[in-house]
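> Predicted model follows, preceded by the sequence.
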Amino acid sequence: MHHAGAIEQHPETWLSDARFATLVDGVHRSAETCRDRGFDVALHYHAGTYVETPREIARFAEAMDTSLLGLCFDTGHSAFGGGDPLELLREYGELMTHVHLKDVDLAKLQAVHETGGGLMRAWESGVFCPLGTGDAKVAECLAELRSRGYDGWIVVEQDRVLALDEPFENAVEDARANRAWLAERGL
């Protein structure tokens, strides 16, 4: 998790082909169990995991059994991992079965990397910001989802850690801002 958001600069963190195959096999076995119990399954690529960057997402997409699971498209984690969320949606949209809307301030992420911080420091620094205030192309991705006829779940997230002296009301205000941003777009 120390190199989250900068994985491509640290090849020592990449999974070997054998370890990646083990990961995919484990995901498939888990998906089978979930589907046997009546649940739909989507892999949520995420910062601090072995499926974070565009390269890793492409690698997983090539290996995944689409009869077992889809992908959870996450605007924030797409940008956090070094990708262009809109390009990822256009490339893998047919695999997306669940959506997380989140925004990312890439300047803050760069500052975290420059000071040697990892994922926890990114959360503490407010890298994940209110919708429409960052660099994850959330509005464009929402428009693309609509143009594709997506009608599934959309989870709105803003990963953050409140400072010890920060009032909870700050998180509530961000949630209100996110709701207003969504309402302006008819959601």
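Looks like it came in fine.
> count of residues packed around residue 143?
Residues within reach of residue 143, counting by other CB atoms under 10 Å, total 13. C-betas here are computed from N, CA, C, even on glycine.
> That one and residue 153: what is the separation?
According to CB to CB, to the nearest Å, residue 143 stands 18 Å off from residue 153.
> Looks like residue 68 contacts residue 41 (just checking).
Yes. Assessed by CB atoms under 8 Å, residue 68 is found in contact with residue 41 at 6.5 Å.
> residues shared between the contacts of these two?
31, 35 (CB atoms under 8 Å, 6 or more residues apart in numbering).
> Report the secondary structure state of the residue lying closest to residue 85 once chain neighbours are set aside.
Nearest non-adjacent residue to residue 85, counting by CB to CB, 6 or more residues apart in numbering: residue 78, 3.9 Å away. Classification of residue 78 using DSSP: H, G, I helix; E, B strand; the rest coil returns helix.
> Distance-wise, check residue 78 relative to residue 138.
Taking CB to CB as the measure, residue 78 falls 10 Å from residue 138.
> which residues are common contacts for these two?
Common neighbours of residue 78 and residue 138 (CB under 8 Å, 6+ apart) are residue 85.
> hang on, isn't residue 100 packed against residue 71?
No. Assessed by CB under 8 Å, residue 100 is found out of contact with residue 71, at 10.9 Å.
> give me the element the nearest residue to residue 54 once chain neighbours are set aside is part of.
In space, and not counting its chain neighbours, residue 54 is closest to residue 83: 4.0 Å by CB to CB, 6+ apart. Counting by DSSP states H and E, no helix or strand carries residue 83.
> contacting residues for residue 83?
Contact analysis of residue 83 by CB under 8 Å, 6+ apart lists 53-54, 57.
> what about it, distance to residue 61?
Counting by CB to CB, the gap from residue 83 to residue 61 is 12 Å.
> For the residue nearest to residue 85, give me the pLDDT.
Residue 78 carries a pLDDT value of 90.
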